[in-house]
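A.B. asks: Pasting the sequence and the predicted model now:
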Amino acid sequence: MPAQGGNTMNKVGLIPCAGGGSRLGLPFAKEMFPNIHKSYYSPIIMYTIDAMQKAGVNHLIFTINPQKTDLLKFLGNGKKFGMEFTYCIHPEPRSLPESINEAYHLTKDKTVVFAMPDTYVQPGNFLDTLITEHESHLNRVVTLGCFTTNIPAKFGMVEFKDNLVLGIDDKPLVTNLKWMWGAMVWNSKFTEEINRYVATAPESLANAKEMILTDALKPLIKEKQVYCYCINGGSYKDLGTYDEIREWAKEE
């Protein structure tokens with residue numbers, strides 16, 4: 001039975017594009033890197049936008065830094081994709097929780113479908129299945145979309161039992177965990193938790209290199225309100241380095 005308020009009108013997609021792209025060092029927004037498997041120009045961010053559209057999420061919010069004018073110009077207001085796009089300016093490329101919190105005024109009363117902009121994820125309908133899983137449980141606050149990985153040092157590795165998340169080990173050098181989270185669906189309680197986490201972080205943490213999104217999840221994990229959905233046979237590629245882009249180029 002779907003959760004109350006779980007219709008498409010109450011959902012927004014959230015895609016964080018505020019990072020500086022320092023790992024690639026491109027002279028343009030990293031989200032604009034061309035999909036070399038297409039016979040026409042299509043940037044890699046379109047993988048995520050297409051997944052949102054397939055899931056019936058037609059209002060997307062992008063948190064973006066003001067230097068990414070090429071991305072703004074390409075995406076526009078979303079009408080050419082049959083969607084609605086809203087932008088929240090994040091002045092400095094700091095941390096993921098702070099970037100997400102820029103959109104607080106738009107997401108605080110919504111179900112949020114969250115995915116990264118520079119990834120190649122299969123199957124293409126992964127967000128659709130993740131939303132269905134989330135909505136099939138009335139009291140669920142967060143559902144993580146999880147994928148297997150052989151490079152745990154790049155991801156948040158998820159410990160779970162019967163789909164209940166017990167903990168998340170962020171970018172461990174050594175671990176026995178096999179599943180990483182690559183997308184999320186959450187209700188307003190987690191939006192409020194992110195807002196509280198960003199607002200009340202100690203000054204020393206706020207001035208550090210970055211806050212960690214999984215730290216904001218910890219109170220809800222303790223309350224047993226975070227679950228995972230393992231996408232068996234799926235694949236998740238973070239196209240944030242040239243090594244990963246080369247591997248992706250070989251696959252399609």
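C.D. replies: Ah, there it is.
A.B. asks: Next SSE downstream of the worst-scoring helix or strand of the chain on mean pLDDT?
C.D. replies: The least trusted helix or strand in the chain, going by mean pLDDT, DSSP states H and E, turns out to be helix 203-206, with a mean of 54. For helix 203-206, the following helix or strand on the C-terminal side (DSSP states H and E) is helix 213-222.
A.B. asks: Determine the set of other helices and strands touching that following helix.
C.D. replies: Judged by 3 or more C-beta pairs under 8 Å, 6 or more residues apart in numbering; DSSP states H and E, the packing partners of helix 213-222 are helix 96-101, strand 164-170, helix 188-200. (Each C-beta comes from the backbone N, C-alpha and C, glycine too.)
A.B. asks: where are the low-confidence patches of this protein?
C.D. replies: 1-9, 19-29, 93, 202-209, 240, 242, 251-252 (pLDDT under 70).
A.B. asks: got a list of what the residue most central in space within it touches?
C.D. replies: For the chain, the residue sitting closest to the mean C-alpha position, by C-alpha atoms, centre = their mean, is Ala115 at 2.6 Å. For Ala115, the contact set (C-beta atoms under 8 Å, 6 or more residues apart in numbering) comprises Gly13, Ile15, Thr48, Ala51, Met52, Val121, Leu127, Gly182, Ala183.
A.B. asks: do that again at 6 Å, thanks
C.D. replies: Thr48, Ala183 (C-beta atoms under 6 Å, 6 or more residues apart in numbering).
A.B. asks: Could you pull up phi and psi at it?
C.D. replies: Dihedral angles of Ala115 (phi, psi; degrees, to the nearest 10) stand at phi -150, psi 160.
A.B. asks: bridging residues for it?
C.D. replies: The bridge-partner assignment for Ala115, based on DSSP bridges, gives Ala183.
A.B. asks: What distance do you get for it to Gly13?
C.D. replies: For Ala115, the distance to Gly13 equals 7 Å [C-beta to C-beta, to the nearest Å].
A.B. asks: now swap in Phe147 and tell me
C.D. replies: For Phe147 relative to Gly13 (C-beta to C-beta), the value is 19 Å.
A.B. asks: Can you give me the neighbour number for Tyr236?
C.D. replies: 21 (other C-beta atoms under 10 Å).
A.B. asks: is it true that it touches Cys146?
C.D. replies: No - the criterion here is C-beta atoms under 6 Å, and Tyr236 misses it with Cys146 at 8.9 Å.
A.B. asks: neighbours around Leu144, how many?
C.D. replies: 28.
A.B. asks: on that earlier part again, format the helices and strands packed on helix 213-222 as JSON lines; extra columns: distance to Asp243 and mean neighbour count.
C.D. replies: Shown next, in JSON lines, are these (distance: least, C-beta to C-beta, whole Å; neighbours: other C-beta atoms under 10 Å):
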{"stretch": "helix 96-101", "distance to Asp243": "22", "mean neighbour count": "23"}
{"stretch": "strand 164-170", "distance to Asp243": "21", "mean neighbour count": "17"}
{"stretch": "helix 188-200", "distance to Asp243": "31", "mean neighbour count": "17"}
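A.B. asks: so which of the ones you listed comes closest to Thr111?
C.D. replies: helix 188-200 (7.9 Å; C-beta to C-beta).
A.B. asks: So which elements touch the closest one?
C.D. replies: helix 96-101, helix 213-222 (3 or more C-beta pairs under 6 Å, 6 or more residues apart in numbering; DSSP states H and E).
A.B. asks: Check what contacts the last one and list those residues.
C.D. replies: Taking contacts as C-beta under 6 Å, 6+ apart, the residues outside helix 213-222 that touch it are Leu96, Pro97, Val141, Gly156, Val165, Ile168, Asp170, Glu193, Ile194, Tyr197, Val226.
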